[in-house]
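*Asks:* Please work out how this folds:
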Amino acid sequence: MVNCNPETVSTDYDTAHRLYFEPLTFEDVMNIIEKEQPVGVVLQFGGQTPLNLAVKFSRAEVPILGTSSESIDIAEDRGRCTELLRRLGIPQAPYGCAKSLDEAKRVAREVGYPVLVRPSYVLGGRAMQIVHDEAELERYFREAVLASPEHPVLIDKFLQDATELDVDAVSDGEEVFIPEIMEHVEEAGIHSGDSACTLPPRTLDEKTRETVRSYVTAIAKELRVIGLVNVQLAVKDGTVYVLEINPRASRTVPFVSKATGIPLAKVAMKVMLGKKLRDLGIPKRLRLHHVAVKESVFPFTKLPGVDPVLGPEMKSTGEVMGIDVDWGVAFFKAQLAAGNALPVGGTVFMSVRRDEKEKIIPVARKFHELGFEIVATEGTAEVLRRTGIPARAILKVSQGSPNVLDLIKSGKVDLIINIPTVGRDPARDGYHIRRAAIDFGIPYITTVEASLAAVAAIEQMRKGKITVRSLNEHHSAVERLD
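*Replies:* Purely as a prediction, here's the structure:
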């Protein structure tokens with residue numbers, strides 16, 4: 001095993017006979033290959049970095065186990081991937097590439113605002129941003145990125161209010177096994193590594209599920225995937241779009257494996273060594289009788305001054321899982337494990353940006369029905385009171401004292417819901433509220449979707465209590481459909 005990450009080296013000693021603690025560059029890895037003379041090289045378990053070496057390994061006649069370098073290149077190259085999806089008749093959000101600001105303006109006008117802009121050469125969504133107009137696009141080019149022919153900027157149509165999905169699948173070149181579909185709790189626009197997600201999906205109808213399965217199966221077969229593949233999709237107005245194809249293991253493989261009882265990494269490795277899924281006893285499909293919720297863990301308590309608001313740029317450093325037969329309890333458990341334990345009573349503070357105020361009304365109404373006191377900034381309180389929901393108005397930080405920060409510091413707030421203005425929120429009131437939540441250990445939420453999930457979880461917890469079952473008990477209840 002070759003590992004360049006000192007943080008994970010402790011997990012490798014019982015996995016490999018020899019561990020090379022070296023950079024994952026072509027020259028360094030080739031030195032190891034020349035010394036070890038391996039049967040083949042596995043690229044699928046190291047994230048994006050090893051995939052970037054696939055074409056060079058192929059030219060150097062290094063045998064690659066699993067998906068070929070040609071198929072990897074098709075998935076990774078934006079133009080070739082678009083061609084593949086068109087051939088298969090699979091929808092993709094409009095996009096373009098720009099090597100200068102003028103070119104970016106033209107592409108953005110053609111694609112239509114809002115757009116998701118990002119450099120083409122970074123990992124983890126770094127410098128990725130949702131841009132709403134030309135002024136923001138100019139500011140992005142001035143402050144965040146230097147475009148060039150070698151490093152063009154990718155500009156995608158941002159699918160607003162879409163539901164994002166993730167699928168991890170294993171293929172042996174003939175058959176494709178899809179354990180389940182993961183549905184993100186937050187809407188599209190939050191980095192997939194930061195979003196909570198639920199398995200099986202919570203809101204998808206059966207027709208949409210079958211469409212997702214058929215798209216992933218067709219992609220895996222067309223690419224001749226041998227091993228793992230991750231496909232990210234979005235559903236908007238009944239149409240399923242493919243956002244990204246990753247011919248490798250994704251960060252959600254351990255979550256899917258624990259939730260379903262199928263060890264995907266082990267199955268994929270055996271497939272790469274020539275086994276067939278049917279020989280390994282892998283079923284065509286699974287039917288789960290429980291729900292698993294993945295939640296991200298963030299380092300904000302250790303980073304004073306950092307804004308905890310979520311966006312396209314990944315900020316999480318780990319993840320946890322909640323599992324139960326009831327979705328609300330599974331979500332509650334996940335929040336508890338992530339250190340964001342939801343209250344079952346008390347006072348909830350709400351401050352919501354203008355275009356999301358109507359969407360927060362069902363959340364506020366449910367909190368009121370559950371007996372919570374609602375405190376809100378003037379604009380949000382006015383909208384709630386107009387719909388018959390009692391809400392006590394409180395001053396913003398910039399309006400004087402006593403204000404919301406004074407209320408938080410006095411320990412009189414049990415949950416904070418702060419929905420900031422996307423891409424335009426200055427480090428003023430919203431920032432200070434979110435930072436206070438971190439500094440005083442108060443659970444907080446920054447998206448409408450997570451607010452809906454949280455109040456559903458709290459309602460469920462008010463009806464009963466947390467129960468515990470072993471993973472084995474959950475796995476034994478999973479139906480294997482052939």
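*Asks:* so what's the residue nearest the centre of the chain scoring on pLDDT?
*Replies:* Averaging the C-alpha coordinates of the chain gives a centre point, and the residue nearest to it by CA atoms, centre = their mean is Ser192 (1.5 Å). Note for Ser192: predicted pLDDT of 83.
*Asks:* Make sure it is actually in contact with Val231.
*Replies:* No. Contact between Ser192 and Val231 fails when scored by CB atoms under 8 Å: they sit 11.3 Å apart. (Glycine included, C-beta is placed from N, CA and C.)
*Asks:* Need the overlap of contacts for these two.
*Replies:* Among the neighbours of Ser192, those also in contact with Val231 (CB atoms under 8 Å, 6 or more residues apart in numbering) are Asp166.
*Asks:* Give the full set of residues in contact with the residue nearest to the centre of the chain.
*Replies:* Taking CB under 8 Å, 6+ apart as the definition, contacts of Ser192 comprise 164, 166, 184, 232.
*Asks:* Can you give me the neighbour number for the third one?
*Replies:* His184 is flanked by 24 other residues according to other CB atoms under 10 Å.
*Asks:* Check which helix or strand it maps to.
*Replies:* strand 181-187 (DSSP states H and E).
*Asks:* With just CA atoms, put that strand into PDB.
*Replies:* Listed next in PDB are the C-alpha coordinates belonging to strand 181-187 (Å, rounded to 0.1, in the frame of the first residue of the first chain):
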ATOM      1  CA  ILE A 181     -30.000   5.100  -3.400                       C
ATOM      2  CA  MET A 182     -28.900   7.800  -1.000                       C
ATOM      3  CA  GLU A 183     -30.900  11.000  -0.800                       C
ATOM      4  CA  HIS A 184     -29.300  14.200   0.500                       C
ATOM      5  CA  VAL A 185     -31.200  16.000   3.200                       C
ATOM      6  CA  GLU A 186     -30.000  19.400   2.100                       C
ATOM      7  CA  GLU A 187     -30.800  20.600  -1.400                       C
END
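*Asks:* what comes into contact with it?
*Replies:* The set of residues external to strand 181-187 that reach it, using CB under 8 Å, 6+ apart, is 160-168, 190, 192, 194-204, 209, 212-213, 252, 255-256, 293-294, 310, 331, 447-450, 453.
*Asks:* Now list the buried members of those residues.
*Replies:* When burial is judged by neighbour count using 16 or more other CB atoms under 10 Å, the buried members of those are 162-168, 190, 192, 194-202, 204, 209, 212-213, 252, 255-256, 293-294, 310, 331, 447-450, 453.
*Asks:* Please flag which of these sit within helices.
*Replies:* 209, 212-213, 255-256, 331, 448-450, 453 (DSSP state H).
*Asks:* picking up where we left off before, could the contacts of Ser192 go into CSV alongside distance to Asp414?
*Replies:* As requested, the contacts of Ser192 are exported to CSV (distance: CB to CB, whole Å):
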residue, distance to Asp414
Glu164, 29
Asp166, 32
His184, 26
Gln232, 35
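*Asks:* Need the max-distance pair from those residues.
*Replies:* Across these, the longest distance by CB to CB is 9.4 Å; it joins His184 and Gln232.
*Asks:* list the residues that contact both of these two?
*Replies:* Residues touching both His184 and Gln232 comprise 164-166, 192, with contact defined as CB under 8 Å, 6+ apart.
*Asks:* coming back round to it: give the partner strands of the strand holding His184 in its sheet and their orientations.
*Replies:* If you go by DSSP bridges, strand 181-187 pairs up with strand 163-172 (antiparallel), strand 197-199 (antiparallel).
*Asks:* closest one to Met272 among the ones you listed?
*Replies:* strand 163-172 (9.2 Å).
*Asks:* What segments of the stretch 151-300 of the chain are strands?
*Replies:* 153-157, 163-172, 176-177, 181-187, 197-199, 226-236, 239-246, 285-287, 291-297 (DSSP state E, counting those that start in this stretch).
*Asks:* now those in a markdown table, with mean pLDDT and distance to Glu479?
*Replies:* Putting those into a markdown table (pLDDT from 0 to 100; distance: least, CB to CB, whole Å) gives the following:
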| stretch | mean pLDDT | distance to Glu479 |
| --- | --- | --- |
| strand 153-157 | 86 | 38 |
| strand 163-172 | 95 | 19 |
| strand 176-177 | 96 | 15 |
| strand 181-187 | 90 | 16 |
| strand 197-199 | 94 | 15 |
| strand 226-236 | 94 | 23 |
| strand 239-246 | 92 | 25 |
| strand 285-287 | 92 | 4 |
| strand 291-297 | 94 | 15 |
